[in-house]
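Student: A structural model of the following input is requested.
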Amino acid sequence: MSELETKFTTELQPLRRRALAVGALALGLCLIGIFTDRGQFFRSYLIAYMFWLGIPLGCLGIVMIHHLVGGTWGFVIQRSLESAIRTFPIMALLFLPLLFGLPDLFIWARPQTVAQDPVLLQKAAYLNIPAFVIRAAVYFGGWMLLSWFYNRWSAQEDRDGSGHSKMAAISSRFNSAS
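Tutor: Numbers count the residues shown, from 1 in each chain. Okay, here's the model as predicted:
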């Protein structure tokens, strides 16, 4: 480790401790919230989760657009975008608490309500918990796979210059599919 890296790490230690303390406090507040008003907790968690999920999704879109259209405009922010799309595994992990609150969030996740509503009965093949979980797994799997490929090809492009054509090809395939 160089002297600059050591100094940088040393200066960040107090900030890391404060961030950990704030995170622990927030987790404690979440635990209090889940026991005081379960429905409100899951609604609030869903809104916050969708906000934070939007960041890596938006960054993935920008990375794909950059490689689709080419040019040098994206090189300045490329590393920041790639860092953001590496957070998909964390976002998948943070999605798991929502699975415990599906009946609190969605009327279609309550079997007794679905049984009494003819409209929900017609949509039951799509709107059910197992199908929802499968769709979520497919979405996260696709996002993580794209993230992995783009980061891998970006590193390859840095080494030998051969990654850009692969990234442009995959971007154009996704663009033509929509």
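Student: domains of the chain?
Tutor: For the chain, the structural domains run 1-36, 38-177, going by automatic domain parsing.
Student: tell me the mean pLDDT over the longest helix belonging to the chain?
Tutor: Secondary structure of the chain per DSSP state H: the longest helix is helix 3-36. For helix 3-36, the mean per-residue pLDDT is 86.
Student: Output the contacting helices and strands for it.
Tutor: helix 38-69 (3 or more CB pairs under 8 Å, 6 or more residues apart in numbering; DSSP states H and E). The C-beta positions use only the backbone N, C-alpha and C, and glycine is treated the same way.
Student: May I see the buried residues of the helix it packs on?
Tutor: Neighbour-count burial for helix 38-69 flags 41-42, 45-46, 49, 53, 56-57, 59-60, 62-64, 66-68 (criterion: 16 or more other CB atoms under 10 Å).
Student: Mind picking out the helix or strand in the protein with the poorest mean pLDDT?
Tutor: helix 163-177 (a mean of 62; mean pLDDT, DSSP states H and E).
Student: ok, back up a step: buried deepest among the domains of the chain, which one?
Tutor: domain 38-177 (a mean of 14; mean count of other CB atoms under 10 Å).
Student: Against Arg16, how distant is Ala136?
Tutor: 31 Å (CB to CB, to the nearest Å).
Student: So Thr113: helix, strand or coil?
Tutor: Secondary structure assignment for Thr113 (DSSP: H, G, I helix; E, B strand; the rest coil): helix.
Student: Check what pLDDT the nearest residue to it once chain neighbours are set aside gets.
Tutor: Spatially, and ignoring its direct neighbours in sequence, Thr113 is nearest to Ile107 (5.5 Å; CB to CB, 6 or more residues apart in numbering). At Ile107, the predicted lDDT confidence score is 94.
Student: so what's Ile107 up against?
Tutor: Thr113, Val114, Asp117, Leu120 (CB atoms under 8 Å, 6 or more residues apart in numbering).
Student: Show me what the helix or strand hosting Met91 is packed up against.
Tutor: Using DSSP states H and E, Met91 falls within helix 88-100. Judged by 3+ CB pairs under 8 Å, 6+ apart, helix 88-100 is in contact with helix 38-69, helix 129-160.
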